[in-house]
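Enquirer: test case, fold it:
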Amino acid sequence: MSGRNLVFEIIFSPKAIRQMKKLERETQVRIKSAIERSLRSFPPEGDVVKLEGQRDVFRLRVGDWRVTFRYRFDKREVHISEVVHRSKAYQVR
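Expert: Presented below is the predicted three-dimensional model:
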């Protein structure tokens, strides 16, 4: 890793917290671990893709789960907006 990586605070939205609480404990641990490992520093690691049609919104793939998030560089924060199963992740809402 280069010394130029930025370290970010991870913040879950109320919606993401509710979604996480509904998951099995093992899945929660796997997703939290992937978020820590992949999104704590910038640039992100892992299977991260910018979502088309949305400004500065990305998704992290964790098995069959999708975590959508946005970086706030001015505050060095990563805002987790939702955690959904892949079958629902790409539906138009």
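Enquirer: quick check: closest non-adjacent residue to Gly46.
Expert: Take Gly46 and drop its neighbours on the chain: the residue closest to it by CB to CB, 6 or more residues apart in numbering is Ser38, 3.7 Å away. Every C-beta, even on glycine, is put in place using the N, C-alpha and C of the backbone.
Enquirer: I meant to write Arg72 there.
Expert: In space, Arg72 is closest to His79, 6.2 Å off (CB to CB, 6+ apart).
Enquirer: state the three-state secondary structure for that neighbour.
Expert: Judged by DSSP: H, G, I helix; E, B strand; the rest coil, the three-state class of His79 is strand.
Enquirer: with Gly46 instead?
Expert: Strictly by three-state DSSP, Gly46 counts as coil.
Enquirer: remind me which residues of this structure are low pLDDT?
Expert: 1-4, 90-93 (pLDDT under 70).
Enquirer: buried residues, the top helix by length along it. List them.
Expert: Identified as the longest helix of the chain according to DSSP state H is helix 25-39. For helix 25-39, burial by neighbour count (16 or more other CB atoms under 10 Å) applies to Thr27, Ile31, Lys32, Ala34, Ile35, Ser38, Leu39.
Enquirer: which strands and helices lie in contact with it?
Expert: Counting contacts by 3 or more CB pairs under 8 Å, 6 or more residues apart in numbering; DSSP states H and E, helix 25-39 packs against strand 9-12, helix 14-21, strand 58-62, strand 65-72, strand 77-85.
Enquirer: quick check: Ser81 touching Arg18?
Expert: No - Ser81 is beyond contact range of Arg18, at 12.0 Å (criterion: CB atoms under 8 Å).
Enquirer: more neighbours: those two, which one.
Expert: Ser81 (16 against 12; other CB atoms under 10 Å).
Enquirer: and the more buried one, what does it touch?
Expert: Neighbouring residues of Ser81 by CB atoms under 8 Å, 6 or more residues apart in numbering: Ser13, Lys15, Ala16, Val57, Thr68, Phe69, Arg70.
Enquirer: most neighbours, which of the residues you listed?
Expert: Tallying neighbours with other CB under 10 Å puts Phe69 at the head of these, with 26 neighbours.
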